[in-house]
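S.K.: Only the shape, not the letters, is given here:
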Ligand code: MN
């Protein structure tokens, strides 16, 4: 069975003890089984505090990140690799089984040219040793294709699958996100069907990043495809109610995407839960 989760940015731009103490009990009250922790600065997280809090409320953690400005995989694969290796250790210590997001690039970084073979080779150099270490720790690594305005490197499921083949590690996966798929795939259902079992963890995000069910995403198409591929992984709602300034800037999110977090928790979670039930992804 699938699990429904929420990205931590619903509550706060950064995981701190105080913001986590507000978010995790609330996530549990809304029946959310997973909270995705942003690991933009992995070393700042108080791991024992986080583990205790998550365990006390029976909420499972997952993790995501994008590479920092000075750790661009395409120009400095060793620096990107070392950052990712550090993040993998923190994710494991937190109890995560999945670390995804823009693990291959700096969000918003574009060269103004098509991706090159040298850029893909550099990403393979950065990610392959990370996947090896992650596998020892029982972790899966996701590479999230993003829309063309946020990266020139991976925009579609097909491009990402091709890069995964080059990386050649069984625990690397396509981290699909309906927001990006809505812009880049021929259809959201088609993207999910193409990736199949290689997309075991996904982001559920409305066309405007706000409350799921209030935008232009074809959710019936999305969930019908998830049912067809026997999706049994985590579906994590990503609604950027709060964002750190560098991410707001990279995503050009300057207007509130929802009234407040309860808008997403009350309406959005219920909407996704109804669909997941209808398509028998949860019970
Ligand atoms: Mn996403």
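M.R.: Noted; the coordinates are in hand. Worth saying up front: this structure is predicted, and the values here are computed from it rather than measured.

S.K.: which residues of this protein fall in strands?
M.R.: Ranges of strands in the chain, per DSSP state E, are 3-7, 34-38, 60-66, 98-102, 140-143, 172-174, 201-204, 234-237.

S.K.: now these as JSON lines including mean neighbour count, mean pLDDT and distance to the ion?
M.R.: C-betas here are computed from N, CA, C, even on glycine. Shown next, in JSON lines, are the strands of the chain (neighbours: other Cβ atoms under 10 Å; pLDDT from 0 to 100; distance: least, Cβ to the ion, whole Å):
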{"stretch": "strand 3-7", "mean neighbour count": "23", "mean pLDDT": "98", "distance to the ion": "8"}
{"stretch": "strand 34-38", "mean neighbour count": "26", "mean pLDDT": "98", "distance to the ion": "9"}
{"stretch": "strand 60-66", "mean neighbour count": "24", "mean pLDDT": "98", "distance to the ion": "7"}
{"stretch": "strand 98-102", "mean neighbour count": "27", "mean pLDDT": "98", "distance to the ion": "7"}
{"stretch": "strand 140-143", "mean neighbour count": "25", "mean pLDDT": "98", "distance to the ion": "10"}
{"stretch": "strand 172-174", "mean neighbour count": "26", "mean pLDDT": "98", "distance to the ion": "12"}
{"stretch": "strand 201-204", "mean neighbour count": "27", "mean pLDDT": "98", "distance to the ion": "4"}
{"stretch": "strand 234-237", "mean neighbour count": "24", "mean pLDDT": "98", "distance to the ion": "8"}
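
S.K.: possible to save those strands as CSV with distance to residue 211?
M.R.: Output for the strands of the chain, formatted as CSV (distance: least, Cβ to Cβ, whole Å):
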stretch, distance to residue 211
strand 3-7, 12
strand 34-38, 18
strand 60-66, 21
strand 98-102, 22
strand 140-143, 24
strand 172-174, 25
strand 201-204, 11
strand 234-237, 9
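
S.K.: Residue 17: which of those strands is closest?
M.R.: strand 34-38 (12.9 Å; Cβ to Cβ).

S.K.: thought residue 74 was touching residue 113?
M.R.: No - using Cβ atoms under 8 Å, residue 74 makes no contact with residue 113, being 11.6 Å away.

S.K.: Compare these two (neighbour count), which wins?
M.R.: residue 74 (23 against 8; other Cβ atoms under 10 Å).

S.K.: And the residue nearest to that one when sequence neighbours are not counted, how far from residue 101?
M.R.: Spatial nearest neighbour of residue 74, chain neighbours left out: residue 119 (4.3 Å); criterion: Cβ to Cβ, 6 or more residues apart in numbering. Distance of residue 119 to residue 101, computed by Cβ to Cβ, to the nearest Å: 18 Å.
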